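Engineer: Sequence and computational prediction follow.
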Amino acid sequence: MLNPAVEVIIVSRGNYNYIERCLNSLQIHSYNDVKLVINNSGNENLLRKVYLVFPSINIISNPDNTSFCQSLNKALEITENDFVLCLNDDVFLGNGFINKTLNIFSLDSKIGMVSGKILRFDRDTLDSAGLFLSCWRTARERGYGRKDVGQYETPGYIFGVNGAVAFYRREMLEDIKRGQDYFDSDFRFFYEDLDIAWRAQNRGWKAYYVPTAIAYHARGGTARKKHGIGKNFGRFYINDELQLDLIKNRYMTIIKNESLMGLLLHLSLIIVYDLAVFGFLLIFRPKVVPRLFSTFQYMKLAFRKRVAAKRV
């Protein structure tokens, strides 16, 4: 595959140190890529600093702090490149990442998603060696939080790709697009990567993992309090609004994508997981519990989207 058109979309929450490191890591890649930064911070100083250091970067500013999913959709609508690498700004790429992952798409025309090995900033701890659908119907990052000792060095098919470093084939994105949404804009944050992978799998698309392509991620760098960056058990370090997103988006993902047989097989485990989550909320975040009723409207929307998808 010789230098195909690649679009790199970076959604930034306004941390210049993160975005500078991310953009610097892209300079070593030789592909004719479009680097598009979505500035969701409302910080105009960030824009000026990025322009000065990286004058070739295209920037879209969202002063109203548009959600992660809405930002990605906006970027995808204004570009037409065949392959799309979506990055959080708290990510930077290792040498040859784009080349190693991009070449995988040529193995099979139905590969719509590719993941490399994602490590934490300490370069020793695994963040993700591929995204999988757990028995609890949650997003399971293989190797999450474990020391990297070479246990995931075999390339192969996976369920999906981590949203912090997600490489997509545009043909797949267009196939699963619904209305104006590639990513479900009702999600805001969390579970968008599992939802898009599950939708793609339901339409016959595949995902692939290539361990020689390395990226580095500050887990929670854009969503958590500073003392929680890079730590496991992320629920302890996010605010109440994100707690609600985490809960409602899991339900929406299940409603939109799960088969009846899959639901029956996993219902008891789903209930066990839910009981654990509600126990956590009652002990640590009791103010969130009554606010869960406000998410019921999204469950109705999820059912409508499920029905609409079946008609396509």
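Structural biologist: Cool, the structure landed. Keep in mind that this is a model prediction, so the values were computed, not measured.
Engineer: K100 contacts T212, doesn't it?
Structural biologist: Yes - in this structure, K100 is within contact of T212 by CB atoms under 8 Å, at 5.4 Å. Every C-beta, even on glycine, is put in place using the N, C-alpha and C of the backbone.
Engineer: which SSE is S115 in?
Structural biologist: strand 111-120 (DSSP states H and E).
Engineer: Can you give the distance of that strand from its chain's centre?
Structural biologist: Relative to its chain's centre, strand 111-120 lies at 11 Å (CA atoms, centre = their mean, to the nearest Å).
Engineer: Longest strand in the chain, by number of residues?
Structural biologist: For the chain, the strand that runs over the most residues, judged by DSSP state E, is strand 206-217.
Engineer: Does anything pack onto that strand? Which helices or strands?
Structural biologist: Judged by 3 or more CB pairs under 8 Å, 6 or more residues apart in numbering; DSSP states H and E, strand 206-217 is in contact with strand 91-93, helix 97-102, strand 111-120, strand 156-158, helix 192-202.
Engineer: how far off helix 192-202 does it point, in degrees?
Structural biologist: Here strand 206-217 points in a direction 160 degrees away from that of helix 192-202 (axes from the mean of the first three to the mean of the last three CA atoms, to 10 degrees).
Engineer: Which positions within strand 206-217 qualify as buried?
Structural biologist: K206, A207, Y208, Y209, V210, P211, A213, I214, A215, Y216, H217 (16 or more other CB atoms under 10 Å).
Engineer: which of these lies closest to L281?
Structural biologist: Distance to L281 across the buried residues of strand 206-217 (CB to CB) is lowest for H217, with 26.8 Å.
Engineer: Hmm, the closest one is touching G116, no?
Structural biologist: No - if you go by CB under 8 Å, H217 and G116 don't touch, sitting 10.8 Å apart.
Engineer: that older thread, next structured bit after the longest strand of the chain?
Structural biologist: Assigned by DSSP H and E, the successor of strand 206-217 is helix 240-257.
Engineer: Adding distance to K310 and mean neighbour count, write the helices and strands packed on strand 206-217 out as JSON lines.
Structural biologist: As requested, the helices and strands packed on strand 206-217 are exported to JSON lines (distance: least, CB to CB, whole Å; neighbours: other CB atoms under 10 Å):
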{"stretch": "strand 91-93", "distance to K310": "35", "mean neighbour count": "23"}
{"stretch": "helix 97-102", "distance to K310": "32", "mean neighbour count": "21"}
{"stretch": "strand 111-120", "distance to K310": "20", "mean neighbour count": "24"}
{"stretch": "strand 156-158", "distance to K310": "25", "mean neighbour count": "14"}
{"stretch": "helix 192-202", "distance to K310": "10", "mean neighbour count": "24"}
